[in-house]
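Enquirer: Okay, sequence plus prediction incoming.
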Amino acid sequence: MSSSFGTILKLSIFGQSHAPAIGMCLDGFPVGFAPDFDALAAFLARRAPGQGDYATARREADTPEFLSGLVGGHTCGAPIAAIIRNTNTQSGDYVNLRDIPRPSHADYPAQVKYGGAQDIAGGGHFSGRLTAPLCIAGGLSLQYLQSKGIQIAAHIAQIGSVCDAPFSQLEPEISMLQGAFPTLDKAKAAQMREEIAAAKADGDSVGGAIACAVVGLPAGIGEPMFGGLENRLAQILFGIPAVKGVEFGSGFDCAGMRGSVHNDPYFMDGERVCTKTNHAGGILGGISTGMPLLFRVAVKPTASIAKQQESVSLSRNCDAALEIRGRHDPCIVPRAVPCVEAAAAIAILDALLEANISV
């Protein structure tokens, strides 16, 4: 199913951007775990709309209501179901999009597939709003992994032409990452904000990239061929709207390297096998190596912009100009950082549970 993910830890996401509620059902989560709901609320707040000049003006509390799966503050083995109610919708802003689709949105192909049944308001079930329930499931998974010594954190690697410092291949500086605009170089954060402000002032948007690190993952997790960690991570990461590319370790840079440079030499650190470099990004043959798992995602510029754009009228079969109304992010990258962390946590926990390894 297109709205489901996982083999042992099975996630289903439901709802539309302007429906009464959005939500998720997470089946197979470990029993007896006590989530920190204050920490979960803080995690969801990083993704929530209405966070300043770089985010949409739509304001939602994004407070999850848990319907099942918890007894006395602990997971009980039943599927964990939670919803978030939509309270600040303006569906009238989207009425004309059924006739004049937005460039780089799913409006047109979705209408071809679903016809008049497609919910156009706010992007329907193609909306980034659906990353809120993803972050509920991911927030729980992050907490569980952290209790087992596995840390996951991401930073804004790039916005427009401004790039942050990269993670260390061997010791990613995840402890430095804090707040809703996480970067390793704080001076770069200020430049990134200026890049967003310039695009917004021009009625435009800007894209970027997010780098993520998984630290503490043991070796031997994952499967060859189609069950590899890269495969699992890519599948769920591409479920985040606006993600257009995923690379692991040195990624596409390896195309310009020689094997003598790209290969990661092994050495013994006490009784532990380690590598002196980590161009592989912690995965070989689809299986974790025990080194930090490193990947990056490319995020496209927000498609809804204030500039007039060229489109077509589907009812009149002619070219048409489009001026988009509504509230939209000039840059989706900062709010997508927790979504990337959430997606990674779900995929990693599912792979660990499938391996039946106690970490």
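Expert: Sure, I can see it.

Enquirer: So which residues of this structure form helices?
Expert: Counting by DSSP state H, the chain has helices at residues 37-47, 107-114, 131-147, 186-201, 229-237, 259-262, 333-355.

Enquirer: Compare these and say which comes out lowest on pLDDT.
Expert: Confidence, taken as mean pLDDT, is least for helix 107-114 of the helices of the chain (a mean of 88).

Enquirer: Now residue 156. Nearest residue, chain neighbours left out?
Expert: Closest residue to residue 156 apart from its sequence neighbours, by Cβ to Cβ, 6 or more residues apart in numbering: residue 183 at 5.3 Å. Any C-beta I mention is one placed from the backbone N, CA and C, and that applies to glycine too.

Enquirer: same deal with residue 302?
Expert: The nearest residue in space to residue 302 (Cβ to Cβ, 6+ apart) is residue 205, at 3.9 Å.

Enquirer: what separates that neighbour from residue 303, distance-wise?
Expert: Note on residue 205: its distance to residue 303, by Cβ to Cβ, to the nearest Å, is 8 Å.

Enquirer: in this protein, what spans have low per-residue confidence?
Expert: Applying pLDDT under 70 to the chain picks out residues 1, 50-61, 88-94, 121-122, 326-327, 357-359.

Enquirer: pretty sure the residue nearest to residue 302 is touching residue 331, no?
Expert: Yes. Between residue 205 and residue 331 there is a contact under Cβ atoms under 8 Å: 6.3 Å.

Enquirer: what about residue 253, how many residues close to it?
Expert: 11 (other Cβ atoms under 10 Å).

Enquirer: so who does it touch?
Expert: For residue 253, the contact set (Cβ atoms under 8 Å, 6 or more residues apart in numbering) is empty.

Enquirer: Now with 10 Å, please.
Expert: Taking Cβ atoms under 10 Å, 6 or more residues apart in numbering as the contact definition, residue 253 lies against 247, 262, 279.

Enquirer: what would these look like in JSON lines with neighbour count and distance to residue 323?
Expert: What follows is the contacts of residue 253, written out as JSON lines (neighbours: other Cβ atoms under 10 Å; distance: Cβ to Cβ, whole Å):
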{"residue": "247", "neighbour count": "19", "distance to residue 323": "36"}
{"residue": "262", "neighbour count": "16", "distance to residue 323": "48"}
{"residue": "279", "neighbour count": "18", "distance to residue 323": "47"}
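
Enquirer: Just give the number of residues close to residue 250.
Expert: Residue 250 has 20 nearby residues by other Cβ under 10 Å.

Enquirer: what sits against it?
Expert: Applying Cβ under 10 Å, 6+ apart, we find residue 250 in contact with 169, 256, 257, 261, 262, 264, 277, 278, 279, 280, 281, 294.

Enquirer: Give the buried subset of those as a PyMOL selection command.
Expert: The following PyMOL line selects those of the contacts of residue 250 that are buried, judged by 16 or more other Cβ atoms under 10 Å:
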select buried, resi 169+262+264+278+279+280+281+294
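
Enquirer: Distance of the closest residue to residue 65 other than its chain neighbours relative to residue 10?
Expert: Distance criterion Cβ to Cβ, 6+ apart; nearest residue to residue 65, sequence neighbours excluded, is residue 83 at 5.2 Å. Distance, residue 83 to residue 10, by Cβ to Cβ: 18 Å.

Enquirer: repeat for residue 215
Expert: 26 Å.

Enquirer: Looking at these two, which has the bigger crowd around it?
Expert: For residue 215 and residue 10, the more surrounded residue by other Cβ under 10 Å is residue 215, and the numbers stand at 19 against 15.

Enquirer: Nearest to residue 344 among the contacts of residue 253?
Expert: Taking Cβ to Cβ as the measure, residue 344 sits nearest to residue 247 out of these, at 13.9 Å.

Enquirer: list the contacts for that closest one?
Expert: Residues in contact with residue 247 (Cβ under 10 Å, 6+ apart) are 209, 211, 230, 234, 253, 254, 281, 294, 295, 296, 297, 298.

Enquirer: From residue 85, how far out is it?
Expert: 37 Å.

Enquirer: now residue 267
Expert: Residue 267 sits 54 Å away from residue 85, taking Cβ to Cβ as the criterion.

Enquirer: Which of these two has more residues huddled nearby?
Expert: Using other Cβ under 10 Å as the criterion, residue 267 and residue 85 rank with residue 85 on top: 16 against 9.
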